[in-house]
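[1] Here is the input, now give the coordinates:
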Amino acid sequence: MTATATPDVLAPARLGPVELRNRVIKAATYEGLSHRSLVTKDLVDFHVAYARGGVGMTTVAYCAVTKEGRTDRHQIHWTDDAMPGLRVLTDAVHAEGAAVAAQIGHGGPVADARANGAPVLSPSGRFHAPTLGWARRASAADIRRITEAHAEAARRAVEAGFDAVEVHLGHNYLASSFLSPRINRRTDAYGGSLANRARFAREIMRAVHDAAGGRIAVIAKMNMDDGVPGGFWLDEAIPVAQWLEQDGTVDALEMTAGSSLLNPMYLFKGDAPLREFAAIMPQPIRLGVKTVGRHFLRDYPYRDAYLLEHARQIRAAVRLPVILLGGITGRPVMDLAMREGFAYVAMARALLREPDLVNRLRDDATTPSLCIHCNKCMPTNFTGTRCVLVDPGTTRRDTWGKPAGYVG
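    Modelled structure (predicted):
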């Protein structure tokens, strides 16, 4: 691409070894539609809707690399039993002309300890509020095991027919928590200096790259800002992005922000749906959300392309393709991203509201997004992620949990 060329966001583009029909990616949003770590018909239909609606690639979220890395007890992890269903899913998306990525990672301190039957892992021992217990410090053996688990996930993604893997290095999941100076208090080779704190993420990306073997694209989803005092921030994100580029282990970077552990609304911007979150929680958590939830689920003003100011600094620092995430709602914002030099855009909430938005933008570039950034979609991942203004009730069908509800 020359300095004066601005690509058409809806024209075909190459992502590593993969040809996409356009530069619009359905961002990873945990669907809440896998069950017993298996693919359901509902999960297939969820992604087929975006493929049919025109995206270049849709992202299956979140596929844990180990059982104890799950953030929900029904999440997919890369077992033999899950593989046939994943192949059905990728075939169904491909039949609609779109590519499909698997988001892989380890939840670390964000994982669900009770559901996993294992303590959460963290760079350093720390109090874990959701379980009122302590997170276990990841040992050197844990680091090696989880790094290899990422490689195995990449190999299985190839086998299942995925076109890409998106490695989760954000939101204070395990790799991200190692990057964070607030969470990582280690004094060994994985703590202290930025180079040490980035070591785990770089080793993961090397393992994934080598396992993928150029057969599928490799994306790193990395924080620019944890959104908490003393956390990982842009001044450290820039050199880490440059190191990943120098390592030659990624085909694209998707830049994100916020901490699922400490400040989740920092990524989303817009309203914080406290009442809706409280309604789905058991007691005494429900009471806690109602009384002190505002300190955890904060309101941040919404504006289109709200991560652009940080992301353009990453884009200027690397030659790698960069995916712009955050407040991508329509053609004007997409075109702005292209003019700014981003290679792709990633959409989430706008597509939850209107899965066919990309097709309608192709027909009429002035089509407005109907998403109002109320964020009431966020609590629905417990009952099937959706826009509640379109689907007030669960999107799980009567076959949920029955043999007829599974594929593969």
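[2] give the contact list for the closest residue to R349 other than its chain neighbours.
    Spatial nearest neighbour of R349, chain neighbours left out: C371 (5.1 Å); criterion: C-beta to C-beta, 6 or more residues apart in numbering. No exception for glycine: its C-beta is placed from N, CA and C like everyone else's. With contacts defined as C-beta atoms under 8 Å, 6 or more residues apart in numbering, the neighbours of C371 are 329, 349-350, 352-354, 387.
[3] change it to 6 Å
    The contact partners of C371, by C-beta atoms under 6 Å, 6 or more residues apart in numbering, come to 349-350, 353.
[4] which of those has the most neighbours?
    R349 (24 neighbours; other C-beta atoms under 10 Å).
[5] so how far is S180 from that one?
    26 Å (C-beta to C-beta, to the nearest Å).
[6] What of T71?
    17 Å.
[7] swap in A141?
    22 Å.
[8] Going by residue numbers, what spans are strands in the protein?
    13-15, 18-20, 24-26, 57-64, 99-105, 121-122, 126-128, 133-137, 164-169, 217-225, 252-257, 322-325, 344-347 (DSSP state E).
[9] Of all those, which one is nearest E309?
    strand 217-225 (9.7 Å; C-beta to C-beta).
[10] Sheet partners, orientation included, of the closest one?
    strand 164-169 (parallel), strand 252-257 (parallel) (DSSP bridges).
[11] same question for the longest helix along the chain, mean pLDDT?
    In the chain, taking DSSP state H as the definition, the longest helix is helix 140-160. For helix 140-160, mean pLDDT is 98.
[12] now for that helix, which elements pack on it?
    Packed against helix 140-160, as judged by 3 or more C-beta pairs under 6 Å, 6 or more residues apart in numbering; DSSP states H and E, are the following elements: helix 83-95, helix 199-212.
[13] Alpha carbons of the last one, as CSV, please.
    As requested, the backbone C-alpha atoms of helix 199-212 are provided in CSV (Å, rounded to 0.1, in the frame of the first residue of the first chain):
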residue,chain,number,x,y,z
ARG,A,199,8.6,-12.7,28.2
PHE,A,200,5.6,-15.0,28.8
ALA,A,201,3.5,-13.3,26.1
ARG,A,202,6.4,-13.5,23.6
GLU,A,203,7.0,-17.2,24.4
ILE,A,204,3.3,-17.9,23.8
MET,A,205,3.3,-16.1,20.5
ARG,A,206,6.4,-18.0,19.4
ALA,A,207,4.8,-21.3,20.3
VAL,A,208,1.6,-20.4,18.5
HIS,A,209,3.4,-19.2,15.4
ASP,A,210,5.5,-22.3,15.2
ALA,A,211,2.6,-24.6,15.7
ALA,A,212,0.5,-22.7,13.1
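[14] Which positions in it come out as buried?
    Residues of helix 199-212 classed as buried by neighbour count (16 or more other C-beta atoms under 10 Å): 199-209, 211-212.
[15] residues making contact with it?
    147, 150-151, 154-155, 167, 169, 175, 178, 190, 218, 220, 247, 249.
[16] Between which two of the residues you listed is the distance greatest?
    Checking the contacts of helix 199-212 with C-beta to C-beta, the most distant pair is R155 and Y190, at 24.5 Å.
[17] Run through the residues that contact the closest residue to I104 other than its chain neighbours.
    Nearest residue to I104 in three dimensions, chain neighbours excluded: A153, at 4.4 Å (C-beta to C-beta, 6+ apart). A153 sits next to 65, 78, 104 when contact means C-beta under 6 Å, 6+ apart.
[18] now with 8 Å?
    63, 65, 78, 102, 104, 165, 208.
[19] so what pLDDT did the fifth one get?
    Yep, that's I104 we're talking about. On the pLDDT scale, I104 gets 98.
[20] Run a quick neighbour tally on it.
    Residues near I104, counting by other C-beta under 10 Å: 29.
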